[in-house]
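J.: Any chance you could fold what I've pasted below:
(2 chains)
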There are 2 protein chains.
Amino acid sequence: MKKLINDPKNVVMESVEGFGRAHADLVTVNPDPLYVVRKDPPREGKVGLVSGGGSGHEPLHAGFVGRGMLDAAVPGPVFTSPTPDAIIPATAAVDAGAGVVHIVKNYTGDVLNFEAAAEMAQAEGSTVRQVLVNDDVAVEDSLYTAGRRGVAGTVLVEKIAGAAAERGDDLEAVVAVAERVVANVRSMGVALMACTVPHAGDPSFDLRDDEIEIGIGIHGEPGRRRGKLEPADAITGHLLQPVIDDLGLSSGEQVLLFVNGMGGTPLSELYIVYRAAAALLDRTGVSIARSLVGNYTTSLEMQGASATVLRCDDEMLTLWDEPVRTAALRWGV
Amino acid sequence: MKKLINDPKNVVMESVEGFGRAHADLVTVNPDPLYVVRKDPPREGKVGLVSGGGSGHEPLHAGFVGRGMLDAAVPGPVFTSPTPDAIIPATAAVDAGAGVVHIVKNYTGDVLNFEAAAEMAQAEGSTVRQVLVNDDVAVEDSLYTAGRRGVAGTVLVEKIAGAAAERGDDLEAVVAVAERVVANVRSMGVALMACTVPHAGDPSFDLRDDEIEIGIGIHGEPGRRRGKLEPADAITGHLLQPVIDDLGLSSGEQVLLFVNGMGGTPLSELYIVYRAAAALLDRTGVSIARSLVGNYTTSLEMQGASATVLRCDDEMLTLWDEPVRTAALRWGV
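T.: So this is what the prediction gives:
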């Protein structure tokens, strides 16, 4: 295992410490229990947004803490859910009297830990609602999951719900727009090479030199099938067509197209995938209203990419365009 | 070779096409000869900024075209300089009567091609000045280079000179601040794993499972030495101490600290390097005024990182903070 780390046991803590120091203008890190909150204190009457999950998907979620997006992120150990003892104080820290939304990727560990935390936070007087993201069309039920997995679509839920909360929408309205994004966003990914979890020391799965895994999960969980390496245009079709079909997209609709890197694939290749995805949407008669390309929901140094499509209404576009100021996504401010 | 590409011959063109489509609000791509210019036409009397070089270092340079940074970028083939036939029209396209600055990384091919282009552009009536970036302290002269190589420090030159041009500084002033950044910025990098150039098909060098290359170049050129894999804190010291020494930094000075990923290393590890670098600067008594962490000057999917330090005066900080709106660096707008 070759990594720029010190002791594998300290990877998450040291990384979050570095993150907190580099972005001290945006966030504050609470070291024990570990969570990251916005630097500016919660604004009275603003709905609080909290997300979290296993580490190893950076910049998800701490990279999206800041004005117009998340109020707090709770990083667990690598590929392992955080526990209620960290989720509860993070929730309390961003509760400004208007309720708190937990944005949770649909993995059994995350769902149970966030549910338990929500119950305890409610017993302490907070109003908490959970929004479950399950955008991955590759598999129904899987390792770690009942139902579909939550993957890169989570970034879009966090941005759009974050903008709604920032402009002063109430709890029901923030939950409603988040649920509408969840209902209209779908993703699918591919791996060319596996990643290595630091405390494990070996790659989480093996792919032969000419082999790829279509429908990979962001923890390296099995996808739909293994196949031979093909040209990027063909691979992009394998990812995007099931997304288009599942959404039931038809000519004349508008979408946000998001090509996400798994961490170890160069940006230049993500743009080749974007090009192929845009051409396929052109042929479907679907118009691309907004785009996002980059490493936003990763799987350590895994090589691969995912394609995410969000069917957009005008309110989603308005909220997408609102200013955001986080370490990983920033515009307008 | 496992890559998300189609025909290796078309990698640069297809990637830039995807880039142009994804960022059509920011840039226009001229396909033949290939260059990328700002969407908004050059503002009368604004100094034009052009950079370029071999592809494979994305987002450098096209990712930095836009308001407050570059006016044009000229991507060559992978790891190969662009030629005057593309640099000349890119220069003409951004010449608004106040002169054009070529920001060139110090590699022999780039220097010669940009010099030839500048001569021909001047013969056609443009005023062109060249600023050479040579921030890499790892080696004096090397493969492809007379003198030091230009690496990640180039991003800081482009941002600060771009802000000066955007606010209306004249040619001499833009060149002067760019030269001042060059004089005060130093970098050094490390590779854990090599990258594979698409048209070559094999890794550009071999590292054993327990081996790293200290002082690596961004084309995989040899650095200072090979050594055993060490903890991130020790490796960071090997990169940063020569940078601190070469700059002659002393207690009380202020810097911009930039930890750059080579493309295949996860963001979480870059923050571990940042943490170690910040601690070393603390011990030196140097204060970190600004920070940048991410994949900005890459070497395809190479695993590794570099540390860049810029000794900052107040004007550089002011220009750094000015709004920028490009695909890869954006704030304030």
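J.: and the gap between A:E213 and chain B?
T.: Distance, A:E213 to chain B, using Cβ to the nearest Cβ, to the nearest Å: 12 Å. Any C-beta I mention is one placed from the backbone N, CA and C, and that applies to glycine too.
J.: wait, A:N260
T.: For A:N260, the distance to chain B - Cβ to the nearest Cβ - is 12 Å.
J.: A:H199 too?
T.: In this view, A:H199 and chain B are 13 Å apart by Cβ to the nearest Cβ.
J.: Same check on A:V36?
T.: Taking Cβ to the nearest Cβ, one finds A:V36 at 12 Å from chain B.
J.: I'd guessed that residue sits against A:D71; true?
T.: No. Assessed by Cβ atoms under 8 Å, A:V36 is found out of contact with A:D71, at 9.8 Å.
J.: who touches both of these two?
T.: Common neighbours of A:V36 and A:D71, counting by Cβ atoms under 8 Å, 6 or more residues apart in numbering or on different chains, are A:V65.
J.: which residues in the stretch 201-333 of chain A form helices?
T.: Along the stretch 201-333 of chain A, the segments classed as helices by DSSP state H, counting those that start in this stretch run A:232-247, A:267-284, A:314-321.
J.: Of those helices, flag the one that's most buried.
T.: helix A:267-284 (a mean of 23; mean count of other Cβ atoms under 10 Å in any protein chain shown).
J.: Which single residue in the stretch 1-150 of chain A comes nearest to chain B?
T.: A:G18 (3.3 Å; Cβ to the nearest Cβ).
J.: Please enumerate residues in contact with the helix or strand hosting that residue?
T.: Take DSSP states H and E as the rule and A:G18 turns out to sit in helix A:11-22. Contact partners of helix A:11-22, identified using Cβ under 8 Å, 6+ apart, comprise A:5-6, A:27-29, A:31, A:34, A:36, A:55, A:58, A:62-63, A:75-78, A:198-199, A:327, B:232, B:259, B:268-276, B:278, B:291, B:293.
J.: If we use 7 Å, what do you get?
T.: Residues outside helix A:11-22 that contact it (Cβ atoms under 7 Å, 6 or more residues apart in numbering or on different chains) are A:5-6, A:27, A:29, A:34, A:36, A:55, A:62, A:75, A:77-78, A:198, B:268, B:271-272, B:274-275, B:278, B:291, B:293.
J.: Distance-wise, check A:R290 relative to A:D209.
T.: Per Cβ to Cβ, to the nearest Å, A:R290 is found 37 Å from A:D209.
J.: Kindly state the pLDDT recorded for A:S204?
T.: Here the pLDDT value assigned to A:S204 is 87.
J.: Surely it is in contact with A:M193?
T.: No. Under the criterion of Cβ atoms under 7 Å, A:S204 is not in contact with A:M193, lying 10.7 Å apart.
J.: These two: which has the busier surroundings?
T.: A:M193 (22 against 17; other Cβ atoms under 10 Å in any protein chain shown).
J.: If that one is in a bridge, with which residues?
T.: Assessed by DSSP bridges, A:M193 has beta-bridge partners A:Q303.
J.: A:V104 now?
T.: In this structure, A:V104 bridges to A:L132 when assessed by DSSP bridges.
J.: Next, the contact list for the most centrally placed residue in chain A, please.
T.: Centroid-nearest residue in chain A, with Cα atoms, centre = their mean: A:T154, separated by 3.7 Å. Going by Cβ under 7 Å, 6+ apart, A:T154 touches A:L60, A:I103, A:K105, A:V133, A:T297.
J.: Quick check: the farthest pair among these?
T.: A:I103 and A:T297 (12.8 Å; Cβ to Cβ).
J.: Tell me the confidence at A:S142?
T.: Note on A:S142: pLDDT of 74.
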